[in-house]
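> sequence unknown, structure follows:
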């Protein structure tokens, strides 16, 4: 997929980035209080310009239609992700899956205030879209239509494409991936997975407040489309319930199961057309839609040979190898080091920016690999270079910022990676 060229910042731009970042963070003790869920709610009543009118935040809102070539044999692993069902069952039984914001609520509460610039600026649009989504969770007015399942699925995908949803897949509901803080949806055994592409230019500016705003704005834009798709299902007599962007279940699990991508070393879903430069959400329904299957796009093979995210992470939070966790073979991030950087460095997300699948699309990456045996863009400044908001400097391949201890381990920050039950006294964000 051809993308627009993003002009790099010069000295003036990087200086402005550093100064604005410092000013915004100095305001955190006061403004950070606004990001508490109880205080964010009122912002839904504040007038906001639609995201479609803000080019720097606007999703392309187009379905992905370009063909993805078959990967060469040496990049193949398995469809979707490696997993051991018995171990997944055991983990779900003995260690129920908790929402991250609940399991590590004390740590999140300590550092999340630094995200206030992005949250407050997008909150009016995001809260309003969430309110509309929750209101759409009504039962269908009549009896379900007796439409052929394959025809119904085709009509659903056509409607999703008309709404500008980038990709749509269907898989079955899996209670093992329902967060313990939320009851099951109880509306059917099908999960419709919807993906919306995120603004390209804003993502290439990572790390930046603008990039974080674009991510949150894309969630709101996707929720607006889920409301319409839910109404479409209701009009045909089917029950349908969309989750909010907070997530009541593990979205990435469903996206992989529905054949929409594979897990990258950065812990994110890599879609073949945009990598992790997208947002995911799901609709639970009783519509008898045929199930999609996991796909081997060759993404794990690309990740093993690329490892740009492993090299470029400012705090070394990404392992270069996968291991089994809860029955799933994946690279498990060092969240203890990652979380403070995400919140204090404008959302960080360097691992997204430096991913060649995100920047160029998988077809271009596979084409270059077939031609040269190399991963497109690796070890180049265009792909791997980034500007660091904490010091205003540019870091090309081979160099990373020195992150102070007070940023990696802010005072009062306690993160227990082995915790299995949420701390008491910290409510999870509602959905």
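Yep, that arrived. Just so it is clear, the structure is predicted and the values come from calculations on it, not from any experiment.

> from here on, just use CA atoms for contacts and neighbour counts.
Fine.

> ends of stretch 358-366, how far apart?
13 Å (Cα to Cα, to the nearest Å).

> now do that stretch: everything it contacts.
1-3, 68-69, 71, 204, 270, 272-277, 299, 352-353, 356-357, 375-376, 383 (Cα atoms under 8 Å, 6 or more residues apart in numbering).

> now restrict these to buried residues only.
Buried members of the contacts of stretch 358-366, scored by 16 or more other Cα atoms under 10 Å, are 71, 204, 270, 272-277, 299, 352-353, 356-357, 375-376, 383.

> hey, where'd the helices end up in the stretch 301-431 of the chain?
Ranges of helices within the stretch 301-431 of the chain are 308-312, 335-344, 350-353, 356-360, 362-372, 381-384, 405-408, based on DSSP state H, counting those that start in this stretch.

> ok, which of these comes nearest residue 234?
helix 356-360 (34.8 Å; Cα to Cα).

> where in the stretch 101-250 of the chain is pLDDT low?
When residues are selected by pLDDT under 70, none of them lie in the stretch 101-250 of the chain.

> next secondary structure element downstream of the strand or helix carrying residue 24?
If you go by DSSP states H and E, residue 24 is part of helix 11-26. Of the helices and strands lying after helix 11-26 in sequence (DSSP H and E), the nearest is helix 28-31.

> show me what that next one is in contact with.
113-114, 116.

> show me the residues you listed that map onto helices.
Members of the contacts of helix 28-31 lying in helices (criterion: DSSP state H): residue 116.

> just send the contacts of helix 28-31 back as CSV, with distance to residue 424 too.
Formatted as CSV, the contacts of helix 28-31 follow (distance: Cα to Cα, whole Å):
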residue, distance to residue 424
113, 20
114, 23
116, 25
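
> identify, from the contacts of helix 28-31, the entry nearest to residue 409.
Closest to residue 409, out of all of the contacts of helix 28-31 and judged by Cα to Cα, is residue 114, at 14.1 Å.

> how many residues are close by the closest one?
26 (other Cα atoms under 10 Å).

> what of the one 4 residues further on?
Applying the criterion other Cα under 10 Å, we find 22 residues in the vicinity of residue 118.

> just residue 17 next, same as before
22.

> all helices of the stretch 151-300 of the chain, in order?
Counting by DSSP H, counting those that start in this stretch, the helices of the stretch 151-300 of the chain are 200-204, 209-235, 251-257, 299-306.

> quick one, which of those is nearest to residue 327?
helix 251-257 (12.3 Å).

> I'd like the distance between the residue sitting nearest the centre point of the chain and residue 180.
For the chain, the residue lying nearest the average C-alpha position, counting by Cα atoms, centre = their mean, turns out to be residue 279 (4.8 Å). Counting by Cα to Cα, the gap between residue 279 and residue 180 amounts to 23 Å.

> which residues does stretch 288-303 contact?
Contacts of stretch 288-303 (Cα under 8 Å, 6+ apart): 70-72, 74-80, 149-150, 152-153, 169-172, 190, 256-265, 270, 272, 362, 375.

> let's see that with 6 Å instead.
With contacts defined as Cα atoms under 6 Å, 6 or more residues apart in numbering, stretch 288-303 is touched by 71, 75-76, 78-80, 149, 153, 170-171, 256-259.

> now it: buried residues?
288-291, 293-303.

> also stretch 171-191?
Applying 16+ other Cα under 10 Å to stretch 171-191 flags 171-173, 176-181, 184-185, 187-191 as buried.

> save the helices of the stretch 301-431 of the chain as JSON lines, and put in distance to residue 42 and mean pLDDT too.
What follows is the helices of the stretch 301-431 of the chain, written out as JSON lines (distance: least, Cα to Cα, whole Å; pLDDT from 0 to 100):
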{"stretch": "helix 308-312", "distance to residue 42": "38", "mean pLDDT": "98"}
{"stretch": "helix 335-344", "distance to residue 42": "23", "mean pLDDT": "94"}
{"stretch": "helix 350-353", "distance to residue 42": "32", "mean pLDDT": "98"}
{"stretch": "helix 356-360", "distance to residue 42": "35", "mean pLDDT": "98"}
{"stretch": "helix 362-372", "distance to residue 42": "42", "mean pLDDT": "98"}
{"stretch": "helix 381-384", "distance to residue 42": "40", "mean pLDDT": "97"}
{"stretch": "helix 405-408", "distance to residue 42": "31", "mean pLDDT": "93"}
